[in-house]
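Asker: generate coordinates for the sequence data below:
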Amino acid sequence: MSRTKHGFFGKALAATLAVVALGAASVAQAATDLTVWHAYRGDEKAAFEKVVAQYNAKQQDVAVKTLAVPYDAYADKITASVPRGKGPDVFIFAQDRLGGWVEAGQTIEPIDFFLDPKVVAQLVPGMMEAMTYRDTVYGLPLNYKSIAMIYNTALVKTPPKTTGELVKLAKGLTNAPSGRFGLAYEYSNFFFHAALMNAFGGQVFAPGPKPVIDSPQNVAAVKTMLQWYKKDGILPADPSSTLIASLFNDGKAAIVFSGPWFLGEVQDKVKYAIAPLPTVDEAGGKPLRPWLTVEGVYVSAGSKHKEAAYAFAEHLVSLEAARVLALEGGQLPTNKAVYSDPKVAANPTLQGFRKQLDTAVPMPNYAEMTLMWSPVTTAMNKIVKGSATPEVALKEAQATVTDSIAKLRKGR
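Answerer: Predicted coordinates:
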């Protein structure tokens, strides 16, 4: 009797345990899998993955997996994959492509429905504008970047505050025959040149958007750049990013205009500091105003887990995540409270780039931006090589962009 009873209860207990185990397994399998794409490398990648690991550890409902996509192929991969439902649940990219992806459709999910005012309140003012297109919000701003003045402290004791001071200092540090230059930056690259354009009040698009590439302000900005390059002789020819890094590491470039990404190329032997870009005497004392790129966290339109994806996006802009991204990844988070953190406040690199934010200009996020880069790059190269005047080259770029926009709108 007892053996039969024990046998019955033993089987019943085993069956119960099996059901419990099956239920636990079902719960584990029910965890939502989210995939996030990014283009980070080095310390930025390690810090981002640490933030993701922390998120996964603090809750069991969602499991986030990351995929680092090579930057050169990243935008095209988003364009080709996401509208077909083959992309990630979340992806991170700068705002300059936002308008194009929205116009193309089936790429980015609007987040107005999810947006919590408390989340917006914790961000650096103005950052949400970069994530807004046609009065609709499509992402949360994560990090921001702009160029600033990076200088070799062994060669420059006090950073120049005006372009007059800059040219005078740079001339004294330049010896072109020996490959030494007082200033080095990618002046033929329109992204870098935009700081000078903005100082003169120039634009690539007026509201509408209407291309204004050949405006008098833009011509004046280009002529000032040519003055520094050809007459003052303080800039190296053919200024590639590789050349600039080499010159700076060899002590042959005293001042560089570049962003946080450049610091990964700087060797430990070089001691540097960061200061805001100078004001422009030729533009009536207005400051150089670099373009601000804001990395947005976007929820894919095809994600089957949009609510979970947005919750993860909120975590990325939290103070907890911002501390890791700033201190371990060298990023400039949009969470404003992180800059009061004692370790962040004591970091001269982070604070140096943070000061530049005061005069930076968000890069336009119009869909038409993608049509601008190639014609303007061609124009800048012609101008620098002397094969066209600023007036002629910018007029050609204006015509090309205007024509491309007309074709784009006709095809919609």
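
Asker: show me the contact partners of whichever strand in the chain runs longest.
Answerer: Ranked by number of residues, the top strand in the chain under DSSP state E is strand 291-299. Here strand 291-299 makes contact (C-beta atoms under 8 Å, 6 or more residues apart in numbering) with 89-96, 98, 108-109, 111, 127, 130-131, 138-146, 191, 194-195, 198, 306, 309-310, 313, 316-317, 334, 357, 360-363. Glycine gets a C-beta too; all of them are placed from N, C-alpha and C.

Asker: then stretch 218-232?
Answerer: So stretch 218-232 is contacted by 163, 167, 170-171, 183, 187, 193, 196-197, 199-200, 202-203, 212, 234-235, 280, 282-283, 380, 383-384, 390-391, 394 (C-beta under 8 Å, 6+ apart).

Asker: which ones among those map onto helices?
Answerer: 163, 167, 170-171, 193, 196-197, 199, 380, 383-384, 390-391, 394 (DSSP state H).

Asker: PyMOL command to pick out the buried ones of these?
Answerer: In PyMOL, this line selects whichever of the ones in helices among the contacts of stretch 218-232 come out buried by 16 or more other C-beta atoms under 10 Å:
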select buried, resi 163+167+170+193+196+197+199+380+383+384+390+394
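
Asker: contacting residues for the closest residue to Thr389 other than its chain neighbours?
Answerer: Spatial nearest neighbour of Thr389, excluding adjacent residues (C-beta to C-beta, 6 or more residues apart in numbering): Ile383 at 7.4 Å. Counting by C-beta under 8 Å, 6+ apart, Ile383 touches Ser188, Val222, Leu226, Thr389, Pro390, Ala393.

Asker: in the stretch 301-412 of the chain, which spans are helices?
Answerer: 306-316, 319-327, 342-345, 348-356, 369-385, 390-411 (DSSP state H, counting those that start in this stretch).

Asker: how far is the first one from where the chain is centred?
Answerer: In other words, helix 306-316. Its chain's C-alpha centre and that of helix 306-316 lie 20 Å apart, by C-alpha atoms, centre = their mean, to the nearest Å.

Asker: now do that helix against strand 291-299, angle only.
Answerer: 140 degrees (axes from the mean of the first three to the mean of the last three C-alpha atoms, to 10 degrees).

Asker: same question, the second one
Answerer: The directions of helix 319-327 and strand 291-299 differ by 140 degrees, with the same axes, to 10 degrees as the criterion.

Asker: equivalent analysis for the longest one, please.
Answerer: Using the same axes, to 10 degrees, the inter-axis angle of helix 390-411 relative to strand 291-299 is 20 degrees.

Asker: what residues does helix 390-411 touch?
Answerer: 211-214, 218-219, 222-223, 226, 367-368, 371-372, 375-376, 378-380, 382-383, 388.

Asker: tell me how far the residue nearest to Thr389 lies from Ala399.
Answerer: According to C-beta to C-beta, to the nearest Å, Ile383 stands 16 Å off from Ala399.

Asker: just to revisit the earlier point, which one of the contacts of Ile383 is nearest Pro287?
Answerer: Pro287 lies nearest to Val222 out of the contacts of Ile383, by C-beta to C-beta, at 18.2 Å.

Asker: you'd agree the closest one is in a strand?
Answerer: No: under DSSP: H, G, I helix; E, B strand; the rest coil, Val222 sits outside any strand and is assigned helix.

Asker: phi, psi of the nearest residue to Lys336 once chain neighbours are set aside?
Answerer: Nearest non-adjacent residue to Lys336, counting by C-beta to C-beta, 6+ apart: Val124, 4.7 Å away. Here is the backbone geometry of Val124 (degrees, to the nearest 10): phi -60, psi 130.

Asker: right, and Val124 touches Val338 too?
Answerer: No: taking contacts as C-beta atoms under 8 Å, Val124 lies outside contact range of Val338: 9.6 Å.

Asker: more neighbours: the two, which one.
Answerer: Legend: neighbour count by other C-beta atoms under 10 Å for Val124 and Val338, higher for Val338 (27 against 19).

Asker: the more buried one contacts Leu319, correct?
Answerer: Yes: contact criterion C-beta under 8 Å: Val338 and Leu319 qualify, at 6.0 Å.

Asker: which of the helices of the stretch 301-412 of the chain sits closest to Leu243?
Answerer: Evaluated over those, closeness to Leu243 peaks at helix 369-385, with 13.9 Å, by C-beta to C-beta.

Asker: buried residues, that closest one. List them.
Answerer: Buried, per 16+ other C-beta under 10 Å, within helix 369-385: Met369, Thr370, Leu371, Met372, Pro375, Val376, Ala379, Met380, Lys382, Ile383, Val384.

Asker: need the max-distance pair from the residues you listed.
Answerer: Maximum distance among the buried residues of helix 369-385 (C-beta to C-beta): 23.0 Å, for Thr370 and Val384.

Asker: what is the neighbour count of Ile244?
Answerer: Counted with other C-beta under 10 Å, Ile244 comes out at 21.
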